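Enquirer: Sequence plus the predicted model coming up.
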Amino acid sequence: MEREKLESLIIDYIDNRLNSTDRRRVEQELVDNAEAYRLYEELKEVIEIMDGASRLEPSEKLKYNFEAMLGEEVKASKKAKTIIFQPMFYRAAAAVALLVLGCGIGFWISEKNEQQQRLLAIENEMKATKLMMMSMLDNSTSASQRMQGVNVALNMNKADDEIVRALVKAMNEDPNSNVRLAALDALSNFSDDAKVRSVLIQSLETQKDPLVQIALIQLMVKMKEKAVIKDLQKMVNDTETMQVVKDEAYSGIMKLS
Amino acid sequence: MTDESIMEAVKDGNLQQATLLFERYHKRIFNFLAQMTRDRELAEDLTQNVFLRIIKYRQSYREGSRFMSWIYQVARNVFSDHYQSSKNKITGFIEVEKVSDYMADYNEAEDIDEKEKLLHQCMAKLTEEQRELLVLTRFQHMKYEEVAAIMDTTVANIKVKVHRSILKLKEYYFELERI
């Protein structure tokens, strides 16, 4: 029999793991083969020592330490139970807070966006209106178009430099007196603006249209603009000034001084 | 009460029940680790560690699985973790003292005969795997099936390896005996 196979069979034989056939085979081999018998004896000795080996006894310290450790773990698990709730609570609270904050920020952003969009729309509208107005004022062939342009300016709450310049130009230079008057009317809307005010005062000196002159004088009185008294005086003394304008200027001087 | 039902109770939070498992297993685990480390004090520390892991990682115990297999798997992990982390495999001079202390435990014990003392010396010469297989199957009388379950391998594989380990041990034993 092959040695390795024999060794394995002998170990199983000692462990009583063989079926009757194999057991008889091994027993026969042990009888026939002295070497196999010696192997059997040696293995049996080693196996018996191992199987019957004594055990070491752990010290009392092991049990003591185990109990101390268990006590700690029991305490920790009880603590964990109550603590577990708290982080959960905090986590839930944090989640809710985040949600609210998120919604708030989202709402705020969309609100801001909306506002910005609205502002943008207004700005665009204003730009379009301004463009329309400017092109109307520039229309040299149609006085009614220019008139409409001035009327657009009349409905404006605020005017930028460009609009003011266009209106002043219309007031001083437009060939149609109705347009000139309407331009003055539009400018008077913005008379709170220091620039507009000074432009109006200047215009009083240069204005030749009596209708506009009268309207200007009335506006100055309304504005209580005392700085124009000198100019009014000049108009009164000017021989070229029409009598109705002179009268108006005179009444303006009276009212302002 | 079976080991498994006790472990289930521990898993459910009844930690005090772990005392029963300690009573049933601590000597076996200690002896396993003592023979593996050949350092009595270290074996006690590692045994303590095994039970600490059993309690701490109780949720990882799978319902229906054999408790004995599980605790030995934990013990094997504790053992290998110890040597991996400290990297002090029993090769250096430092360990020699500990090993001789350990051997002294056997030597001082009067009820242990000379042959058994000799055998313990031979055990030290085996590889870690061979020693582990003999400790489990012979010293701790586990069935091949049980060891196969612990080591996650086949019964046939365990049997072949155990037989080789026995033959190796026999070789060392009769070599020493002749001196």
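Expert: The structure has been received and is ready for your questions. Residues are numbered from 1 along each chain as shown, chains lettered A, B, ... in the order given.
Enquirer: helix, strand or coil for the residue of chain B found nearest chain A?
Expert: Proximity of chain B to chain A (CB to the nearest CB) peaks at residue B:138, 3.8 Å away. C-beta coordinates here come from the backbone N, C-alpha and C atoms, glycine included. Following DSSP: H, G, I helix; E, B strand; the rest coil, the label given to residue B:138 is helix.
Enquirer: Tell me how many other residues crowd it.
Expert: Around residue B:138 there are 22 other residues, counting by other CB atoms under 10 Å in any protein chain shown.
Enquirer: Contacts only, for it.
Expert: By CB atoms under 8 Å, 6 or more residues apart in numbering or on different chains, the contact set of residue B:138 is A:47, A:50, A:51, A:53, B:166.
Enquirer: now, which of those lie within helices?
Expert: A:47, A:50, A:51, B:166 (DSSP state H).
Enquirer: neighbour-wise, which of those residues leads?
Expert: The most neighbours of any of the ones in helices among the contacts of residue B:138, using other CB under 10 Å, belong to residue B:166, which has 25 neighbours.
Enquirer: Quickly note the distance from the nearest residue to it once chain neighbours are set aside to residue A:3.
Expert: Spatial nearest neighbour of residue B:166, chain neighbours left out: residue A:11 (5.9 Å); criterion: CB to CB, 6 or more residues apart in numbering or on different chains. Remark: distance between residue A:11 and residue A:3 (CB to CB, to the nearest Å) = 13 Å.
Enquirer: what do you get for residue A:61?
Expert: For residue A:61, the distance to residue A:3 - CB to CB - is 48 Å.
Enquirer: of all the ones in helices among the contacts of residue B:138, which comes closest to residue B:29?
Expert: Minimum distance to residue B:29 across the ones in helices among the contacts of residue B:138 is 18.6 Å, recorded for residue A:50 (CB to CB).
Enquirer: Surely that closest one touches residue B:122?
Expert: No. Contact criterion CB atoms under 8 Å: residue A:50 and residue B:122 do not qualify, at 10.3 Å.
Enquirer: overlap in contacts of those two?
Expert: Common neighbours of residue A:50 and residue B:122 (CB under 8 Å, 6+ apart) are residue B:169.
Enquirer: Which one of the residues in the stretch 101-250 of chain A is closest to chain B?
Expert: Across the stretch 101-250 of chain A, the shortest distance to chain B (CB to the nearest CB) belongs to residue A:102, at 34.4 Å.
Enquirer: Quickly find the element holding that residue.
Expert: helix A:60-137 (DSSP states H and E).
Enquirer: Can you tell me which helices and strands that helix packs against?
Expert: Helix A:60-137 makes packing contacts with helix A:143-154, helix A:161-173, helix B:18-37, helix B:40-56 when contacts are defined by 3 or more CB pairs under 8 Å, 6 or more residues apart in numbering or on different chains; DSSP states H and E.
Enquirer: Retrieve the pLDDT associated with the residue of chain A at minimum distance from chain B.
Expert: Nearest residue of chain A to chain B (CB to the nearest CB) works out as residue A:50 at 3.8 Å. We have a pLDDT of 94 for residue A:50.
Enquirer: same question, residue B:88
Expert: Reading off the model, residue B:88 has pLDDT 54.
Enquirer: what's the answer for residue B:99, then?
Expert: 60.
Enquirer: How about residue B:120?
Expert: 91.
Enquirer: For it, what is the enclosing helix or strand?
Expert: Per DSSP H and E: helix B:114-123 holds residue B:120.
Enquirer: near chain A at all, the helix or strand just after that helix?
Expert: Remark: after helix B:114-123, the chain's next helix or strand is helix B:128-134, criterion DSSP H and E. Yes. Using CB under 8 Å from any CB of the partner chain, helix B:128-134 reaches chain A at residue B:134.
Enquirer: Tell me the helices and strands packed up against helix B:128-134.
Expert: So helix B:128-134, by 3+ CB pairs under 8 Å, 6+ apart, packs with helix B:18-37, helix B:155-178.
Enquirer: measure the residue sitting nearest the centre point of chain A to residue A:53 for me?
Expert: Nearest residue to the geometric centre of chain A (CA atoms, centre = their mean): residue A:109, 5.0 Å. The gap separating residue A:109 from residue A:53 is 78 Å, by CB to CB.
Enquirer: What of residue B:56?
Expert: Residue B:56 is 32 Å from residue A:53, by CB to CB.
Enquirer: Next: residue A:128.
Expert: 104 Å.
Enquirer: And for residue A:29?
Expert: Counting by CB to CB - residue A:29 and residue A:53 are separated by 29 Å.
Enquirer: cool, and residue A:224?
Expert: Residue A:224 sits at a distance of 123 Å from residue A:53 (criterion: CB to CB).
Enquirer: Please say which of those two ends up with more neighbours.
Expert: Using other CB under 10 Å as the criterion, residue A:224 and residue A:53 rank with residue A:53 on top: 20 against 8.
Enquirer: Go ahead and confirm the more buried one touches residue B:116.
Expert: Yes. Between residue A:53 and residue B:116 there is a contact at 5.8 Å, judged by CB under 8 Å.
Enquirer: Grab the most central residue of chain B for me.
Expert: Short answer for chain B (CA atoms, centre = their mean): residue B:32, at 2.2 Å.
Enquirer: ok, residues contacting stretch A:17-25?
Expert: By CB under 8 Å, 6+ apart, stretch A:17-25 touches A:9, A:12, A:13, A:26.
Enquirer: cool, and stretch A:226-240?
Expert: Counting by CB under 8 Å, 6+ apart, A:201, A:204-205, A:213, A:217, A:220, A:241, A:245-246, A:249-250, A:252-253, A:256-257 sit against stretch A:226-240.
Enquirer: Can you go through those and name the buried ones?
Expert: Neighbour-count burial (16 or more other CB atoms under 10 Å in any protein chain shown) applied to the contacts of stretch A:226-240 gives A:201, A:204, A:213, A:217, A:220, A:241, A:245, A:246, A:249, A:252, A:253, A:256.
Enquirer: Could you pull up the residues touching residue B:44?
Expert: Residue B:44 neighbours (CB under 8 Å, 6+ apart): A:58, A:59, A:61, A:62, A:65, B:30.
Enquirer: related to what we said a few turns ago, from residue A:202, how far out is the residue nearest to the centre of chain B?
Expert: 111 Å.
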